[in-house]
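Enquirer: What follows is a predicted structure for the sequence shown.
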Amino acid sequence: MTRFHRPGSLEEATTLLSELDDAMVYGGGTAIQILLKQGILFTEDFLDISGVPGLNDVVLTDGGFRVGSLVSLRHMETSEDVRRLAPLVAQTYGKVANPRVRNTASVGGNVAHGDYRLDPPTALAVLDATLELSSVEGTREVSVREFFVDFQVTDLQPDEMITALLIPHQPPGSVGHYTKLSSLSENDWPCATAAVLAVPEDDFVEIRIGLGALAPTTRYLAFDMTPDMNDQQTVEAAIEIADSAMDPIADVRGSASYKATLGRVAVEEAVRTVLKEINRD
Ligand SMILES: Cc1cc2nc3c(=O)[nH]c(=O)nc-3n(C[C@H](O)[C@H](O)[C@H](O)COP(=O)(O)OP(=O)(O)OC[C@H]3O[C@@H](n4cnc5c(N)ncnc54)[C@H](O)[C@@H]3O)c2cc1C
(Lines give C-alpha, C1' and ligand atoms only; values in the text may rest on other atoms or scores of the structure.)
Protein backbone atom coordinates (compact mmCIF):
# COMPACT_ATOMS: atom_id res chain seq x y z
CA MET A 1 0.00 0.00 0.00
CA THR A 2 1.35 3.42 -0.94
CA ARG A 3 1.46 6.02 1.82
CA PHE A 4 2.13 9.75 1.40
CA HIS A 5 3.56 11.55 4.43
CA ARG A 6 3.40 15.34 4.54
CA PRO A 7 5.86 16.64 7.13
CA GLY A 8 5.38 20.27 8.15
CA SER A 9 8.96 20.91 9.21
CA LEU A 10 12.50 19.83 8.32
CA GLU A 11 12.80 18.06 11.66
CA GLU A 12 9.65 16.06 10.97
CA ALA A 13 10.85 15.21 7.46
CA THR A 14 14.31 13.99 8.54
CA THR A 15 12.82 12.02 11.45
CA LEU A 16 10.48 10.22 9.03
CA LEU A 17 13.42 9.50 6.71
CA SER A 18 15.40 7.98 9.57
CA GLU A 19 12.50 5.89 10.90
CA LEU A 20 10.85 4.56 7.71
CA ASP A 21 12.49 1.80 5.66
CA ASP A 22 12.95 2.74 1.99
CA ALA A 23 11.09 6.06 2.21
CA MET A 24 11.55 8.27 -0.86
CA VAL A 25 11.43 12.02 -1.01
CA TYR A 26 8.88 13.14 -3.61
CA GLY A 27 10.09 16.24 -5.47
CA GLY A 28 8.29 17.06 -8.72
CA GLY A 29 7.59 13.36 -9.28
CA THR A 30 8.61 13.35 -12.96
CA ALA A 31 11.08 10.50 -12.52
CA ILE A 32 9.14 8.71 -9.76
CA GLN A 33 5.92 8.59 -11.79
CA ILE A 34 7.70 6.94 -14.72
CA LEU A 35 9.28 4.29 -12.47
CA LEU A 36 5.88 3.63 -10.83
CA LYS A 37 4.19 3.25 -14.22
CA GLN A 38 6.95 0.89 -15.36
CA GLY A 39 6.27 -1.22 -12.25
CA ILE A 40 9.90 -1.12 -11.14
CA LEU A 41 9.53 1.02 -8.01
CA PHE A 42 8.43 -0.83 -4.90
CA THR A 43 8.64 1.97 -2.35
CA GLU A 44 5.53 2.29 -0.17
CA ASP A 45 6.37 5.47 1.74
CA PHE A 46 6.76 8.79 -0.05
CA LEU A 47 7.59 12.08 1.62
CA ASP A 48 5.77 15.04 0.13
CA ILE A 49 8.11 17.79 1.34
CA SER A 50 6.08 20.74 0.02
CA GLY A 51 5.02 21.58 3.60
CA VAL A 52 8.63 22.06 4.75
CA PRO A 53 9.27 25.84 4.96
CA GLY A 54 11.87 27.43 2.67
CA LEU A 55 12.22 24.70 0.04
CA ASN A 56 10.54 26.80 -2.66
CA ASP A 57 12.68 29.89 -2.11
CA VAL A 58 15.56 31.34 -4.10
CA VAL A 59 17.62 33.67 -1.90
CA LEU A 60 20.36 35.95 -3.21
CA THR A 61 23.36 35.54 -0.92
CA ASP A 62 26.73 37.26 -0.90
CA GLY A 63 28.19 35.99 -4.18
CA GLY A 64 25.61 33.35 -4.95
CA PHE A 65 22.13 31.85 -4.74
CA ARG A 66 20.61 29.58 -2.14
CA VAL A 67 18.07 27.60 -4.14
CA GLY A 68 15.54 25.53 -2.18
CA SER A 69 15.33 21.94 -3.40
CA LEU A 70 11.70 22.25 -4.60
CA VAL A 71 12.35 25.21 -6.90
CA SER A 72 11.40 24.20 -10.44
CA LEU A 73 13.86 23.85 -13.31
CA ARG A 74 11.69 26.32 -15.23
CA HIS A 75 12.20 28.95 -12.55
CA MET A 76 15.98 28.57 -12.87
CA GLU A 77 15.67 28.92 -16.64
CA THR A 78 13.53 32.06 -16.56
CA SER A 79 14.59 33.93 -13.40
CA GLU A 80 15.98 37.38 -14.25
CA ASP A 81 18.51 37.11 -11.40
CA VAL A 82 19.82 33.72 -12.53
CA ARG A 83 20.01 34.87 -16.15
CA ARG A 84 21.99 37.94 -15.11
CA LEU A 85 24.32 36.49 -12.48
CA ALA A 86 24.72 32.88 -13.64
CA PRO A 87 23.65 32.80 -17.31
CA LEU A 88 25.33 29.43 -17.94
CA VAL A 89 23.13 27.88 -15.24
CA ALA A 90 19.95 29.40 -16.72
CA GLN A 91 20.93 28.21 -20.19
CA THR A 92 21.56 24.66 -18.98
CA TYR A 93 18.30 24.33 -17.02
CA GLY A 94 16.53 25.58 -20.15
CA LYS A 95 17.86 22.61 -22.12
CA VAL A 96 16.26 19.90 -19.95
CA ALA A 97 13.60 17.84 -21.76
CA ASN A 98 10.57 20.04 -22.50
CA PRO A 99 8.62 22.85 -20.75
CA ARG A 100 6.20 20.34 -19.18
CA VAL A 101 9.02 18.48 -17.43
CA ARG A 102 10.82 21.73 -16.53
CA ASN A 103 7.66 23.19 -14.97
CA THR A 104 7.20 20.15 -12.72
CA ALA A 105 10.67 18.83 -11.94
CA SER A 106 12.57 20.27 -8.98
CA VAL A 107 16.26 21.17 -8.75
CA GLY A 108 16.72 18.77 -5.82
CA GLY A 109 15.00 15.87 -7.58
CA ASN A 110 17.08 16.54 -10.66
CA VAL A 111 20.45 16.00 -8.97
CA ALA A 112 19.12 13.24 -6.68
CA HIS A 113 17.98 11.34 -9.78
CA GLY A 114 21.70 10.74 -10.41
CA ASP A 115 21.46 10.00 -14.12
CA TYR A 116 24.78 10.42 -15.95
CA ARG A 117 23.05 12.33 -18.76
CA LEU A 118 21.47 15.08 -16.63
CA ASP A 119 22.04 18.56 -18.08
CA PRO A 120 22.22 20.84 -14.99
CA PRO A 121 25.07 19.08 -13.11
CA THR A 122 27.52 20.00 -15.89
CA ALA A 123 27.04 23.74 -15.28
CA LEU A 124 26.74 23.28 -11.51
CA ALA A 125 30.13 21.49 -11.48
CA VAL A 126 31.71 24.22 -13.60
CA LEU A 127 30.51 26.88 -11.14
CA ASP A 128 31.58 24.73 -8.17
CA ALA A 129 28.06 24.61 -6.70
CA THR A 130 27.41 22.82 -3.43
CA LEU A 131 24.50 20.70 -2.24
CA GLU A 132 23.06 21.07 1.26
CA LEU A 133 22.06 17.64 2.60
CA SER A 134 20.00 17.29 5.80
CA SER A 135 19.32 14.38 8.13
CA VAL A 136 18.54 13.92 11.83
CA GLU A 137 22.31 14.22 12.36
CA GLY A 138 22.28 17.79 11.02
CA THR A 139 23.35 19.37 7.74
CA ARG A 140 26.40 18.79 5.57
CA GLU A 141 27.54 20.33 2.31
CA VAL A 142 28.91 18.36 -0.64
CA SER A 143 30.42 19.81 -3.79
CA VAL A 144 28.53 18.85 -6.95
CA ARG A 145 31.95 17.81 -8.30
CA GLU A 146 32.06 15.07 -5.61
CA PHE A 147 28.35 14.20 -5.38
CA PHE A 148 28.09 11.90 -8.41
CA VAL A 149 30.04 8.83 -7.38
CA ASP A 150 29.36 6.23 -10.08
CA PHE A 151 26.68 5.03 -12.50
CA GLN A 152 23.36 5.92 -10.78
CA VAL A 153 25.21 6.26 -7.45
CA THR A 154 25.37 9.55 -5.59
CA ASP A 155 26.70 10.55 -2.19
CA LEU A 156 23.12 11.04 -0.90
CA GLN A 157 22.53 8.67 2.04
CA PRO A 158 19.17 6.89 2.54
CA ASP A 159 18.30 9.01 5.58
CA GLU A 160 19.24 12.31 3.91
CA MET A 161 17.34 14.81 1.81
CA ILE A 162 18.62 17.65 -0.32
CA THR A 163 17.43 20.92 1.17
CA ALA A 164 19.22 23.43 -1.07
CA LEU A 165 21.64 24.05 -3.91
CA LEU A 166 24.25 26.73 -3.21
CA ILE A 167 25.23 28.16 -6.59
CA PRO A 168 27.95 30.83 -6.90
CA HIS A 169 27.45 33.70 -9.32
CA GLN A 170 29.66 33.55 -12.39
CA PRO A 171 33.05 35.18 -11.78
CA PRO A 172 33.37 38.73 -13.19
CA GLY A 173 34.23 38.76 -16.90
CA SER A 174 33.58 35.06 -17.34
CA VAL A 175 31.76 33.71 -20.38
CA GLY A 176 29.89 30.41 -20.54
CA HIS A 177 28.17 28.23 -23.10
CA TYR A 178 26.30 24.92 -22.99
CA THR A 179 26.16 22.56 -25.96
CA LYS A 180 23.78 19.59 -25.96
CA LEU A 181 23.82 17.03 -28.78
CA SER A 182 21.08 14.40 -29.12
CA SER A 183 20.68 11.75 -31.81
CA LEU A 184 16.86 11.68 -31.59
CA SER A 185 14.71 14.78 -31.02
CA GLU A 186 16.26 17.99 -29.68
CA ASN A 187 14.54 17.63 -26.28
CA ASP A 188 15.47 13.97 -25.85
CA TRP A 189 18.16 12.76 -23.47
CA PRO A 190 21.55 13.80 -24.85
CA CYS A 191 24.36 11.71 -26.35
CA ALA A 192 26.94 14.30 -25.37
CA THR A 193 26.95 17.62 -23.53
CA ALA A 194 29.56 20.18 -22.61
CA ALA A 195 29.22 23.19 -20.31
CA VAL A 196 32.22 25.48 -20.72
CA LEU A 197 33.13 28.55 -18.67
CA ALA A 198 36.11 30.77 -19.50
CA VAL A 199 37.28 32.64 -16.40
CA PRO A 200 39.83 35.47 -16.85
CA GLU A 201 42.61 35.42 -14.24
CA ASP A 202 45.60 37.78 -13.97
CA ASP A 203 47.94 36.00 -16.41
CA PHE A 204 45.74 33.41 -18.08
CA VAL A 205 42.16 32.33 -18.76
CA GLU A 206 40.93 29.31 -16.87
CA ILE A 207 38.86 27.03 -19.10
CA ARG A 208 36.43 24.93 -17.05
CA ILE A 209 34.56 22.05 -18.67
CA GLY A 210 31.62 19.96 -17.41
CA LEU A 211 30.86 16.86 -19.49
CA GLY A 212 27.51 15.05 -19.43
CA ALA A 213 26.34 11.72 -20.93
CA LEU A 214 29.93 10.82 -21.82
CA ALA A 215 30.88 8.68 -18.80
CA PRO A 216 29.03 6.90 -15.95
CA THR A 217 28.86 10.24 -14.09
CA THR A 218 29.15 13.95 -14.83
CA ARG A 219 32.83 14.81 -15.33
CA TYR A 220 34.60 18.06 -14.42
CA LEU A 221 37.94 19.22 -15.89
CA ALA A 222 39.89 22.45 -16.18
CA PHE A 223 43.06 23.84 -17.74
CA ASP A 224 44.74 27.20 -18.17
CA MET A 225 44.74 29.00 -21.49
CA THR A 226 48.05 30.85 -21.35
CA PRO A 227 48.76 34.03 -23.39
CA ASP A 228 50.84 32.06 -25.92
CA MET A 229 47.89 29.82 -26.87
CA ASN A 230 45.71 30.76 -29.84
CA ASP A 231 42.09 29.63 -30.29
CA GLN A 232 42.98 26.49 -32.25
CA GLN A 233 45.52 25.38 -29.63
CA THR A 234 42.96 26.02 -26.89
CA VAL A 235 40.32 23.94 -28.67
CA GLU A 236 42.83 21.13 -29.15
CA ALA A 237 43.84 21.26 -25.48
CA ALA A 238 40.15 21.14 -24.44
CA ILE A 239 39.44 18.14 -26.66
CA GLU A 240 42.53 16.34 -25.40
CA ILE A 241 41.61 16.79 -21.72
CA ALA A 242 37.95 15.90 -22.41
CA ASP A 243 39.02 12.78 -24.32
CA SER A 244 40.93 11.55 -21.29
CA ALA A 245 37.76 11.78 -19.15
CA MET A 246 35.31 10.18 -21.59
CA ASP A 247 34.05 6.65 -21.08
CA PRO A 248 30.77 6.64 -23.04
CA ILE A 249 28.03 4.05 -22.54
CA ALA A 250 26.55 2.52 -25.70
CA ASP A 251 22.75 2.42 -25.87
CA VAL A 252 19.88 2.85 -28.35
CA ARG A 253 20.96 6.43 -28.94
CA GLY A 254 24.42 5.49 -30.23
CA SER A 255 27.60 3.47 -29.89
CA ALA A 256 30.39 4.46 -27.53
CA SER A 257 32.57 5.69 -30.39
CA TYR A 258 29.70 7.74 -31.88
CA LYS A 259 29.13 9.40 -28.49
CA ALA A 260 32.85 10.08 -28.07
CA THR A 261 32.86 11.77 -31.49
CA LEU A 262 29.85 13.88 -30.48
CA GLY A 263 31.61 14.65 -27.20
CA ARG A 264 34.56 16.15 -29.06
CA VAL A 265 32.18 18.14 -31.27
CA ALA A 266 30.28 19.45 -28.21
CA VAL A 267 33.49 20.53 -26.49
CA GLU A 268 34.79 22.25 -29.62
CA GLU A 269 31.53 24.12 -30.21
CA ALA A 270 31.24 25.29 -26.60
CA VAL A 271 34.90 26.35 -26.38
CA ARG A 272 34.82 28.21 -29.70
CA THR A 273 31.65 30.02 -28.62
CA VAL A 274 33.16 31.29 -25.36
CA LEU A 275 36.45 32.25 -27.06
CA LYS A 276 34.53 34.53 -29.43
CA GLU A 277 33.20 36.52 -26.48
CA ILE A 278 35.93 36.46 -23.84
CA ASN A 279 37.98 39.58 -23.33
CA ARG A 280 41.65 38.55 -23.10
CA ASP A 281 43.17 41.98 -22.38
C1 LIG B 1 10.34 12.72 -20.61
C2 LIG B 1 11.54 13.10 -19.78
C3 LIG B 1 12.68 13.56 -20.41
C4 LIG B 1 13.78 13.95 -19.63
N5 LIG B 1 14.89 14.46 -20.27
C6 LIG B 1 15.88 15.00 -19.50
C7 LIG B 1 16.98 15.67 -20.10
O8 LIG B 1 17.09 15.82 -21.31
N9 LIG B 1 17.93 16.19 -19.28
C10 LIG B 1 17.85 16.10 -17.92
O11 LIG B 1 18.72 16.63 -17.22
N12 LIG B 1 16.84 15.44 -17.33
C13 LIG B 1 15.86 14.90 -18.08
N14 LIG B 1 14.83 14.26 -17.49
C15 LIG B 1 14.91 13.96 -16.06
C16 LIG B 1 14.36 15.06 -15.26
O17 LIG B 1 15.34 16.06 -15.16
C18 LIG B 1 14.08 14.43 -13.90
O19 LIG B 1 12.97 13.57 -14.05
C20 LIG B 1 13.76 15.47 -12.90
O21 LIG B 1 14.73 16.45 -12.81
C22 LIG B 1 13.57 14.85 -11.54
O23 LIG B 1 13.09 15.87 -10.69
P24 LIG B 1 11.78 15.64 -9.84
O25 LIG B 1 11.69 16.78 -8.91
O26 LIG B 1 10.60 15.38 -10.70
O27 LIG B 1 12.22 14.32 -9.07
P28 LIG B 1 11.33 13.14 -8.51
O29 LIG B 1 10.74 12.35 -9.62
O30 LIG B 1 10.39 13.66 -7.47
O31 LIG B 1 12.46 12.31 -7.76
C32 LIG B 1 13.55 11.75 -8.47
C33 LIG B 1 14.49 11.09 -7.44
O34 LIG B 1 15.05 12.09 -6.62
C35 LIG B 1 14.70 11.87 -5.23
N36 LIG B 1 14.45 13.19 -4.65
C37 LIG B 1 13.60 14.15 -5.10
N38 LIG B 1 13.74 15.27 -4.37
C39 LIG B 1 14.67 15.00 -3.41
C40 LIG B 1 15.24 15.76 -2.34
N41 LIG B 1 14.90 17.02 -2.10
N42 LIG B 1 16.16 15.14 -1.56
C43 LIG B 1 16.54 13.87 -1.80
N44 LIG B 1 16.05 13.11 -2.79
C45 LIG B 1 15.13 13.67 -3.60
C46 LIG B 1 13.47 10.98 -5.28
O47 LIG B 1 13.33 10.23 -4.08
C48 LIG B 1 13.78 10.12 -6.49
O49 LIG B 1 14.71 9.13 -6.15
C50 LIG B 1 13.72 13.85 -18.22
C51 LIG B 1 12.57 13.36 -17.60
C52 LIG B 1 11.48 12.99 -18.36
C53 LIG B 1 10.25 12.51 -17.64
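Expert: Here it is on my side, so go on.

Enquirer: In this structure, which residue sits nearest the ligand?
Expert: Per Cβ to the nearest ligand atom, Gly109 is where the chain lies closest to the ligand, at 2.3 Å. Where you see a C-beta, it was placed from the backbone N, CA and C, and this is true even at glycine.

Enquirer: ok, that residue touching Gly28?
Expert: Yes - when contacts are counted by Cβ atoms under 8 Å, Gly109 is listed as touching Gly28 (5.4 Å).

Enquirer: per-residue confidence at the nearest residue to Asp231 once chain neighbours are set aside?
Expert: Spatial nearest neighbour of Asp231, excluding adjacent residues (Cβ to Cβ, 6 or more residues apart in numbering): Leu275 at 5.1 Å. Listed pLDDT for Leu275 reads 97.

Enquirer: quick one, what contacts Leu275?
Expert: Going by Cβ atoms under 8 Å, 6 or more residues apart in numbering, Leu275 touches Ala198, Asp231, Thr234, Val235.

Enquirer: Show me what from the stretch 151-281 of the chain comes close to the ligand.
Expert: Leu156, Met161, Ile162, Trp189 (Cβ under 6 Å from any ligand atom).

Enquirer: mind checking the SS state of the residue most central in space within the chain?
Expert: Nearest residue to the geometric centre of the chain (Cα atoms, centre = their mean): Pro121, 1.7 Å. Of the three states, Pro121 takes helix according to DSSP: H, G, I helix; E, B strand; the rest coil.

Enquirer: can you check Ile167 too?
Expert: What three-state DSSP gives for Ile167 is strand.

Enquirer: which residues does it bridge with?
Expert: Legend: beta-bridge partners of Ile167 under DSSP bridges are Phe65.

Enquirer: what sits against it?
Expert: Gly64, Phe65, Val67, Ala86, Val89, Leu124, Leu127, Ala129.

Enquirer: Enumerate every residue touching the first one.
Expert: With contacts defined as Cβ under 8 Å, 6+ apart, Gly64 is in contact with Leu166, Ile167, Pro168, His169.

Enquirer: tally of neighbours for the last one?
Expert: By other Cβ atoms under 10 Å, 19 other residues sit near His169.

Enquirer: My guess is it contacts Asp81. True?
Expert: No - using Cβ under 8 Å, His169 makes no contact with Asp81, being 9.3 Å away.

Enquirer: shaky segments in this protein?
Expert: The chain contains residues with pLDDT under 70 at 281.

Enquirer: Kindly list the longest helix within it.
Expert: Scanning the chain for the helix with the most residues, using DSSP state H, yields helix 256-277.

Enquirer: Of the residues of the stretch 151-281 of the chain next to the ligand, grab the buried ones for PyMOL.
Expert: Selection command for PyMOL covering only the buried members of these, criterion 16 or more other Cβ atoms under 10 Å:
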select buried, resi 156+161+162+189
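
Enquirer: export the residues of the stretch 151-281 of the chain next to the ligand to TSV and tack on distance to Gly39 and secondary structure?
Expert: Below are these laid out as TSV (distance: Cβ to Cβ, whole Å; DSSP: H, G, I helix; E, B strand; the rest coil):
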residue	distance to Gly39	secondary structure
Leu156	24	coil
Met161	25	strand
Ile162	26	strand
Trp189	21	coil
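
Enquirer: Who is the closest residue to Thr273 other than its chain neighbours paired with across the strands?
Expert: Nearest residue to Thr273, sequence neighbours excluded (Cβ to Cβ, 6+ apart): His177, at 4.1 Å. The residues listed as beta-bridge partners of His177 by DSSP bridges are Val196.
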